[in-house]
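Asks: I would like the atomic coordinates for the input below:
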Amino acid sequence: MALGILIGMSGCSIKQNKEKSAQEEPLNIILMIGDGMGVPQVSTAYYFGEGIPNFSRFKHIGFHKTSDKSHRITDSAAGATAFSIGEKTYKRAIGVSVDTIPQETILEHLQKQGYQTGLISLTTVTHATPASFYAHVKNRDLHEDIAAQLATAKVDFIAGGGRNYFRNRTDGKNIFTDFIQQGYHLDTLQLSEPVLDQPNAYILADEGIPSKIDGRGDFLSKATSKALNYFNQNDKPFFMMVEGSYIDWGGHAEDAEMMISEVLDFDKTLGVVLDFVEEHPNTLLVVTADHETGGVSIGKYYDVDESTGDKKEVPEKVAVYFNTDQHSGELIPVFAKGKGAENFQGIYENNEIYHKMRIALNPKPVENE
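Replies: Okay, here's the model as predicted:
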């Protein structure tokens, strides 16, 4: 009897020690941004995809309000900067406050805590969304200034486009030389295997990586998978931002095929990340967008008689409709999974996402009952 009690107590002690160890382990954070992705865009994954979308794997869901300090309808620069610095700023601002003063981003803060960091985008890596996590300029169009800042930002894993801003510059400089001097494994041709004991930069197009309908393939999911493997093997906590950039572009072009294909590709990449989170529970995944693009709605599908113009509804189909080719003011969904996911429920301002990530990093201790 006494032996049984001792074994039971020992088992409880081992379990408690494991739980304590998991609690003390630094938290990984993955922020996925589907640029221009509102609820209608997410809905297309359910109407046009095969099987159950990976969005269905979330239980903690909220909404954020997108307006910035200068405009009710924001842009990607102010939207992403709200995520990165924790305060609203003016339209076109990158990593600066309303008075253009540089503010420490969450990526920079975590680097000081010994974190690895990563940025993946389908556009040029100097574009508004990725730039907002490492650069500090008064206007998003200052691509060459942003590129120069990336070379010294010490981001461990970089993947995207933008070669022109690094080597075909108006000042004649070749910023890729700075990457090499900083010890990077630099690849401007293909998504090669990362070198584990070096930072890695993949700048693989003169401007953006092609869209899905223009033949991009599985770049987003493959780059994300390589980054996760790289971080995991280096055995240090990490922060990574992954952008599904062309959902926004599909909205601007009022191109339903483009928008849908980009959402489905984002959802596929989301599956890769969710699998990682489930295998590594000391990880927080936050999925959201900076704004919605296109004023998209999902409505009835009609066959139209070309000779008479008569319309007939097709009950088993839906159609995508665009209200504008610009951004809209819709509330934006926030999906969260992993440690601290419960903090992201409700409706709140976009800059609160930064503070909710910081809370997850440093949760208040729970007193024993």
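
Asks: quick one: the strands in the stretch 1-150 of the chain?
Replies: Secondary structure of the stretch 1-150 of the chain (DSSP state E, counting those that start in this stretch): strands at 28-34, 60-65, 116-124.

Asks: Can you say which of these is nearest to Glu144?
Replies: For Glu144, the closest of the strands of the stretch 1-150 of the chain is strand 116-124, at 11.2 Å, according to Cβ to Cβ. Quick note: C-beta positions are derived from backbone N, CA and C, even for glycine.

Asks: other SSEs contacting that closest one?
Replies: helix 106-112, helix 128-131, strand 157-161, helix 219-234, strand 238-244 (3 or more Cβ pairs under 8 Å, 6 or more residues apart in numbering; DSSP states H and E).

Asks: Residue ranges in the stretch 251-369 of the chain under the pLDDT threshold?
Replies: 364-369 (pLDDT under 70).

Asks: burial measure for Ala148, as a count.
Replies: 20 (other Cβ atoms under 10 Å).

Asks: Would you agree it is in contact with Ile175?
Replies: Yes - the pair Ala148 and Ile175 passes the contact test of Cβ atoms under 8 Å, sitting 5.8 Å apart.

Asks: Of the helices and strands packed on strand 116-124, which is nearest Asp303?
Replies: Closest among the helices and strands packed on strand 116-124, once you apply Cβ to Cβ, is strand 238-244, at 31.8 Å.

Asks: what about Glu316, distance to Gly49?
Replies: If you measure Glu316 against Gly49 using Cβ to Cβ, to the nearest Å, the figure is 16 Å.

Asks: Comparing these two, which shows the higher neighbour count?
Replies: Gly49 (16 against 6).

Asks: For the stretch 201-350 of the chain, which segments are assigned as helices?
Replies: 219-234, 246-252, 256-279 (DSSP state H, counting those that start in this stretch).

Asks: most neighbours per residue, which of those helices?
Replies: Ranked by mean neighbour count, the helices of the stretch 201-350 of the chain are led by helix 246-252 with a mean of 27 (mean count of other Cβ atoms under 10 Å).

Asks: Please list the outside residues in contact with that helix.
Replies: 34-37, 41, 76, 122-123, 208, 211-212, 256-263, 266, 289, 292-294, 296, 322, 325-326 (Cβ atoms under 8 Å, 6 or more residues apart in numbering).

Asks: dump the residue contacts of Asn350.
Replies: Counting by Cβ under 8 Å, 6+ apart, Asn350 has contacts 64-66, 74, 79, 82-83, 88, 290, 332.

Asks: would you list those residues in CSV and tack on distance to Ile29 and neighbour count?
Replies: Below are the contacts of Asn350 laid out as CSV (distance: Cβ to Cβ, whole Å; neighbours: other Cβ atoms under 10 Å):
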residue, distance to Ile29, neighbour count
His64, 17, 24
Lys65, 22, 16
Thr66, 21, 27
Thr74, 23, 26
Gly79, 18, 31
Ala82, 16, 27
Phe83, 11, 25
Lys88, 21, 22
Asp290, 17, 30
Ile332, 19, 25
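
Asks: what's the most distant pair in the residues you listed?
Replies: Based on Cβ to Cβ, the longest span within the contacts of Asn350 runs between Lys88 and Ile332 and measures 14.2 Å.

Asks: Lys138 contacts Asp99, doesn't it?
Replies: No - between Lys138 and Asp99 there is no contact under Cβ under 8 Å: 10.0 Å.

Asks: who has more neighbours, these two?
Replies: Lys138 (17 against 8).

Asks: ok, and the closest non-adjacent residue to the more buried one?
Replies: With Cβ to Cβ, 6 or more residues apart in numbering as the criterion, Lys138 has its nearest non-adjacent residue at 4.7 Å, and that residue is Thr100.

Asks: Compute the distance between that neighbour and Thr177, please.
Replies: 29 Å.

Asks: residues contacting Lys312?
Replies: Residues near Lys312 by Cβ under 8 Å, 6+ apart: 302-305.

Asks: Could you identify the buried members of these?
Replies: By neighbour count, with 16 or more other Cβ atoms under 10 Å, the contacts of Lys312 hold no buried member.

Asks: Just the buried residues of the longest strand seen in the chain, please?
Replies: Secondary structure of the chain per DSSP state E: the longest strand is strand 311-321. Residues 318, 320 are the ones in strand 311-321 that count as buried (16+ other Cβ under 10 Å).

Asks: Give me the sheet partners of that strand and which way each runs.
Replies: Sheet pairing for strand 311-321, assigned by DSSP bridges, gives strand 297-304 (antiparallel).

Asks: quick check, distance from the strand it pairs with to the centre of its chain.
Replies: 31 Å (Cα atoms, centre = their mean, to the nearest Å).

Asks: Next: stretch 281-295.
Replies: Using Cα atoms, centre = their mean, the offset of stretch 281-295 from its chain centre is 6 Å.

Asks: Buried residues, that stretch. List them.
Replies: Across stretch 281-295, burial judged by 16+ other Cβ under 10 Å covers 282-295.

Asks: Just the pLDDT for the residue nearest to Lys138.
Replies: We have a pLDDT of 98 for Thr100.

Asks: I'd like the distance from it to Ala93, if you could.
Replies: 7 Å.

Asks: more neighbours, those two?
Replies: For Thr100 and Ala93, the more surrounded residue by other Cβ under 10 Å is Ala93, and the numbers stand at 29 against 13.

Asks: what sits against the more buried one?
Replies: 77-78, 81, 100, 138-140.

Asks: Likewise for Glu144?
Replies: Glu144 touches 165, 169-171, counting by Cβ under 8 Å, 6+ apart.

Asks: Swap in 10 Å and give it another go.
Replies: 126, 164-166, 168-171, 173, 175 (Cβ atoms under 10 Å, 6 or more residues apart in numbering).
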